[in-house]
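S.K.: My questions are about this predicted structure, shown below with the sequence.
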Amino acid sequence: MWEYTDKVKEHFLNPRNVGVIEDADGVGEVGSLACGDALKLTFKLDENERIKDVKFQTFGCASAIASSSALTELLKGKSLAEAEQVTNDDIANYLGGLPREKMHCSVMGQEALEKAIACYRGVPVEEKEGEIVCECFGVTDVEIRRALTDHH
Amino acid sequence: MKTIYLDNNATTAVAPEVVDAMLPCLREFYGNPSSMYGPARQVAHRLEEARARVADLLGVSPAEIIFTSCGTESDSTAIWAALRANPDKRHFITSRVEHPAVKNLGEYLSRNGYRVTFMPVDSRGRPDLDFFYDHLSDDTALVSLMWANNETGTLFPVEEVARQVKERGIVFHTDAVQAVGKIPIRMADSAIDMLALSGHKLHAPKGVGALYVRKGTKFSPFMIGGHQESGRRGGTENVASVVGLGRAAALAADHMEAENTRVRQLRDKLETELLRRIPNAMINGDPEHRLPNTTNISFEYIEGESILLMMDELGICASSGSACTSGSLEPSHVLRAMGVPFTAAHGSVRFSLSVYNTEAEIDYVIEKLPAVIARLRDMSPFWQQVQTG
Amino acid sequence: MKTIYLDNNATTAVAPEVVDAMLPCLREFYGNPSSMYGPARQVAHRLEEARARVADLLGVSPAEIIFTSCGTESDSTAIWAALRANPDKRHFITSRVEHPAVKNLGEYLSRNGYRVTFMPVDSRGRPDLDFFYDHLSDDTALVSLMWANNETGTLFPVEEVARQVKERGIVFHTDAVQAVGKIPIRMADSAIDMLALSGHKLHAPKGVGALYVRKGTKFSPFMIGGHQESGRRGGTENVASVVGLGRAAALAADHMEAENTRVRQLRDKLETELLRRIPNAMINGDPEHRLPNTTNISFEYIEGESILLMMDELGICASSGSACTSGSLEPSHVLRAMGVPFTAAHGSVRFSLSVYNTEAEIDYVIEKLPAVIARLRDMSPFWQQVQTG
Ligand SMILES: Cc1ncc(COP(=O)(O)O)c(C=O)c1O
Ligand SMILES: Cc1ncc(COP(=O)(O)O)c(C=O)c1O
Ligand code: FES
Ligand code: FES
C-alpha cells in the first residue's frame, strides 16, 4: 500500500495541461499500452526557444498522471537547456515525494522529455521493429500498434 | 461522504451481531480453553458452540472442523497435510488462477522436490478439464482447485471433479474462501476431502479461518505445537474471533437466499447498466457460472489504479487487477491466465457486493462511473488513437 | 464469588484499554489494509502504528517485526525460516524444557531428515551449557532456546549464549513468549537473530503474535501466500488483534516497573508464606533467575488436578504440571527433564501473577490453601505412610 501526498492527489484529480499540441515543435512518446503505462508529451517553443506551451496525455496510475502534470508545470517558460536539466527527482520533489514503488512513473516523464527534445533537434531516436516491450503479456511494439489500429 | 463498499471479495464489514458475540470473549471470558477451572470451561464451551455453527453451514460434523488463523493457513494446512500423509507421491495439481495462498505454495513446492501442474483456463476462466484429467497419475498426492475465483467470481465444478479424483484415490482440497457464505454448500454427500474458508470474507473479523477435514482423511499438522484442535493445530485458540466466526456462519445461512436473489439482482443491474453506458467495456469471467455478488469489468485503454482513486473521491470502494495497484507491479495472474488482452487487463475493475448494499448505492455508481471513465480516457493517448484510428 | 486469577502464564485478561483500541477496527475500520481507497488506508495506518509500538517494546525497528497468529506460529516461522535459508545444514539444537511449539517441532524434524539435539537442564532447570557448546558444529543451522520457561519461570541466559552462537555463524532464535512484557528486553545490541512473542501473554487477545527478525537475517516464509508483511507472511492481517497487541505493548512498557517490584513482592509473599505454612512443599525452578510473576510449588504426595479443582471451588485459578490435567496423561516434560521426583511432580502447582492482582487476593490464597492441601493429604495413602514413616 502506498500513500500519496496531497500534492500528488491534487495533480491527479486536476491535471494541468492535458492534451496534444497539434503543430508541436517536439513530440516524445514513451511506455506502452501493453505494460499499462505510457506518456505522450508535446511542446511548442517561443521565438527565444523557450517552452511556451506543453501538453501531455498519460495512460497509467495516479502517480503517472500527477507526474506528467507536474512535469508540464516545471517545463513552462524554461529554455531547452534548462529543460534538459529536469530530472525525475525534480518531478518527485515538486509533488512532495512519491512512494518508492512508484518512482518509475516519474522516470517516464523524464524519458518523454528527452525524446521530445531529441525530436525537436532532429536527432533520430532508435526504435527497433518488433521489439518485446512487455514481459507479462509477451507483446511487441508492432503488435501494440496493431491492437490500436485494428480495433474498430 | 458516505462510503459505498463494493469490495467484499477483498474483505467484509464485521456484522454488528458478530461484534456483539465477540465482546464477552474479549472481556469476562478470557480464560484459556485448555484450563481446568470453571471460568475457562465456559470459554471452551463457547468455542465448541462456534464449531457446531460452522459445521452446520457446511452440513458436516463439528469434529471435522479445525480452526485456523486465516484462509491462507487453511490452504497451507490442507496441502501440507495431504503431502505429508502421502510421502511416496510427489505430484500436485492445481490451476493457474488460484489465490496466492495456493499458487505461491505450489510454486514453492515445484522448487522443492515436487512436480506441480497448473491447469490452464479458457478466456472465460473455465477449467480445461481434459488437460486436468490427462495429468492425473499414480504419483498424484493431491488436487487443489478453488471453488470460486476471487477476481472474477467464476465457479469451478469442484464437486464433479472431486468425484472423479476420489475414484483414483487422490486427495481433493478446495479453496472455498470466496464460495462459503455466497452459495449453498452441502459437504455431506460430496467427495471433497478438505475445504478452506476464511472468516473475513463472510462478515467475521480478519485473522480467523477454518479447514474442513473429512473424517478418515489422513492428516499431519501444519502448525505443530500444543494439543489444541484435537492435536491438529497447535497454538492457543483465537477464542473471540472463533466465536465471531460461529455467529457469522449462522448469519450467512440466514442471508443465503438474499445473497442469491437480491444481491444477484443488484450485481446484474450494475453490470448491465455499466456496459450499456460505457463503450469498450467487457466482462471478465464466466457470466454463467459465477458468484452472485461479483462482476469484473474491463474498461479499455485506461488504467485501473486511476479508476479506483477517482472512484475513491466519490466514496466508492472497489479493486483492480491492474499492475499499478499491486505490490508486485505485475498485472493479475488470473486475467493473464485467461488471455485477457493487455488493452483490457490493465483497466479491469472488480465490484463485489454484499447483503449490506442497497439499490440506491448501485444507482449512484451507475450514475457516476461513466464520467470517470470518460475523463480518464480523455487523458489517454491510446483512446484518441482508437477514436480517430 | 470473585475469581482470583493466578494463571497468567496460561493466558491473561485482555486489558480494557486494549479492547477499546480494538473496537474501532471491528466496526468502522474494516477495510483490507492492502486496498487502495481512503477508508482502507486508515486501516493500514493503524497497523503500522501497532508495529511501531511492538518494535518500541523490544527496542528494534518496525521493519523487523512480522505479525503472526500466535506464539506457536512465530516459533514455527523462525525455525523453518532458518532451516530453509540454510539448506546445507541439517542440525538443530534446542532444550529439553521448551514449550511444545518448539519441542514438538523439534521432534517432527528429528523424524524428517534433521539431526536434533535437546540440551538437558539440571534439577533447578538451569541449562547445561557445557553440553550445549560441545554439540554446536559446522552442520548446526539453528539454535532455539526459550528465554523464560512457562512452567517454572526459569530464565535462560539467552543473550550470553546468543553471542557465543553468533560467533560461529549459527542463527539464534529465542521463544520469548513468557519473557516479553515481564522483564525488560533490549534487542538493539543483542546477538539474538529472531524472537517470538504472543499477544495473549501480555493482555492482548488470543490469536495474535509477532516475530522479531533482525535486519539482514536470511528469511523464507512459513505462511506462504500473498505479499502481506513485506512478503514474509501471507494471509490478510488480523487488524483488530494486531492493533490490540500494539496497545498492549505500550501498556507493558508502562507496567514494566510494577511487574518487577509490586508483582514480584506479591509472588515472593505468596511463595514464602505457602512454604512456611505447608510442610513437604518445595519450589520447582531456579529461584535466582526467574520471572518476577511465577512460582511453581510442589505439594508432595497429592495430585495436581485435585488441588486445582478444590482451588476452583474457592475461585482461585492456577495450573499444574500433573499428568491428569494434561490432554496427554503424562506429567510435565519440564519437571521430568529437571528430574523432579515423581512424589513431587504430580502435585505441582504453578501460580502466575499479573499487575491486576492485589495483595488481598494473595492473602486469601495464603489463608485458604493450607487447608486444601491438608484435606487432600488426609485422603492420600502415601501421606499417611510418610507421616507414620
Ligand atoms: C513459552 C511458550 N512458547 C510458546 C507458547 C505458544 O503461544 P501460543 O499459545 O500463542 O501459540 C506459549 C504459550 O502457550 C509459551 O508459554
Ligand atoms: C480464494 C481465496 N483464497 C484464499 C484467500 C486467503 O484468505 P486470508 O486472507 O484469510 O488468508 C483469499 C482472500 O484473500 C481468497 O480470496
Ligand atoms: S505488463 Fe508489461 S511487463 Fe508486465
Ligand atoms: S503507471 Fe503503473 S505504477 Fe505508475
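M.R.: Yep, it's here. Numbers count the residues shown, from 1 in each chain, chains lettered A, B, ... in the order given. Ligands and ions are numbered 1, 2, ... in the order given.
S.K.: So residue B:30 versus residue B:43, what's the distance?
M.R.: Going from residue B:30 to residue B:43 by Cβ to Cβ, to the nearest Å gives 8 Å. All C-beta atoms are positioned from the backbone trio N, CA, C, and that covers glycine.
S.K.: which residues are contacting stretch A:84-92?
M.R.: Residues from elsewhere that reach stretch A:84-92, judged by Cβ atoms under 8 Å, 6 or more residues apart in numbering or on different chains: A:67, A:70-71, A:74-75, A:78, A:98, A:103, A:106-107, A:109-110, A:113-114, A:117.
S.K.: which one among these gets closest to residue C:79?
M.R.: Nearest to residue C:79 among those is residue A:103, at 36.8 Å by Cβ to Cβ.
S.K.: I'd like the distance from the helix or strand of chain B with the lowest mean pLDDT to the chain centre, please.
M.R.: Least confident helix or strand of chain B, by mean pLDDT, DSSP states H and E, is helix B:381-388 with a mean of 84. When distances are taken as Cα atoms, centre = their mean, to the nearest Å, helix B:381-388 is centred 37 Å away from the chain's centroid.
S.K.: wait, does it make contact with ligand 4?
M.R.: No. Helix B:381-388 lies apart from ligand 4 when judged by Cβ under 6 Å from any ligand atom; the minimum separation is 12.9 Å.
S.K.: Now do the buried residues in that helix.
M.R.: Going by neighbour count (16 or more other Cβ atoms under 10 Å in any protein chain shown), the buried part of helix B:381-388 is B:381-386.
S.K.: cool, and stretch B:355-368?
M.R.: Within stretch B:355-368, the residues scored as buried using 16+ other Cβ under 10 Å are B:355, B:357, B:361-362, B:364-366, B:368.
S.K.: so of these, which ones are in strands?
M.R.: Among those, none falls in strands (DSSP state E).
S.K.: if we take those residues, which one ends up nearest to ligand 1?
M.R.: Nearest to ligand 1 among these: residue B:355, at 34.0 Å, using Cβ to the nearest ligand atom.
S.K.: contacting residues for the closest residue to ligand 4 within chain B?
M.R.: Residue nearest to ligand 4 within chain B: residue B:324 (3.2 Å; Cβ to the nearest ligand atom). By Cβ under 8 Å, 6+ apart, the contact set of residue B:324 is A:36-37, A:60-61, A:64, B:303-305, B:346.
S.K.: Name the nearest residue to it, ignoring sequence neighbours.
M.R.: Leaving aside its chain neighbours, residue B:324 sits nearest to residue A:61 (3.6 Å; criterion: Cβ to Cβ, 6 or more residues apart in numbering or on different chains).
S.K.: count of residues packed around residue A:56?
M.R.: The number of residues packed near residue A:56 is 28, by other Cβ atoms under 10 Å in any protein chain shown.
S.K.: Now do the SS call for it.
M.R.: strand (DSSP: H, G, I helix; E, B strand; the rest coil).
S.K.: who are the neighbours in contact with it?
M.R.: Contacts of residue A:56 by Cβ under 8 Å, 6+ apart are A:15, A:17-19, A:39-42, A:68-69, A:71-72, A:112.
S.K.: cool, and residue B:197?
M.R.: Residues in contact with residue B:197, defined by Cβ under 8 Å, 6+ apart, are B:54, B:71, B:74, B:176-177, B:180-181, B:209-212.
S.K.: repeat that for 10 Å
M.R.: With contact set as Cβ atoms under 10 Å, 6 or more residues apart in numbering or on different chains, residue B:197 has these partners: B:54, B:57-58, B:65, B:68, B:71, B:74, B:147, B:174-181, B:185, B:204, B:208-212, B:245, B:249, B:252.
S.K.: By residue count, what's the longest helix in chain A?
M.R.: Counting by DSSP state H, the longest helix found in chain A is helix A:103-121.
S.K.: still on that earlier bit, which of the contacts of residue A:56 sits closest to chain B?
M.R.: Among the contacts of residue A:56, residue A:40 lies closest to chain B (Cβ to the nearest Cβ), at 4.2 Å.
S.K.: That closest one and residue A:28 touch, don't they?
M.R.: Yes. Taking Cβ atoms under 10 Å as the definition, residue A:40 is a contact partner of residue A:28 at 7.3 Å.
S.K.: Give the residues shared as contacts by these two.
M.R.: Joint contacts of residue A:40 and residue A:28 (Cβ under 10 Å, 6+ apart) are A:56, A:112, A:115-116.
S.K.: Tell me the backbone dihedrals of the closest residue to residue B:200 other than its chain neighbours, please.
M.R.: Distances taken as Cβ to Cβ, 6+ apart place residue B:206 nearest to residue B:200, at 4.1 Å, with adjacent residues excluded. Phi and psi for residue B:206, reported as degrees, to the nearest 10, are phi -70, psi 150.
S.K.: which ones are touching residue B:206?
M.R.: Taking Cβ under 10 Å, 6+ apart, we find residue B:206 in contact with B:11-12, B:14, B:69-70, B:198-200, B:241, C:25-26, C:30, C:32-33, C:43, C:235-242.
S.K.: Next, the contact list for residue 3, please.
M.R.: Went with chain A since none was named. Counting by Cβ under 10 Å, 6+ apart, residue A:3 has contacts A:97, A:99, C:41, C:44-45.
S.K.: To clarify, I was referring to chain B.
M.R.: B:13, B:312, B:315-317, B:361, C:28, C:31, C:37-39.
S.K.: Nice, that's everything, thank you.
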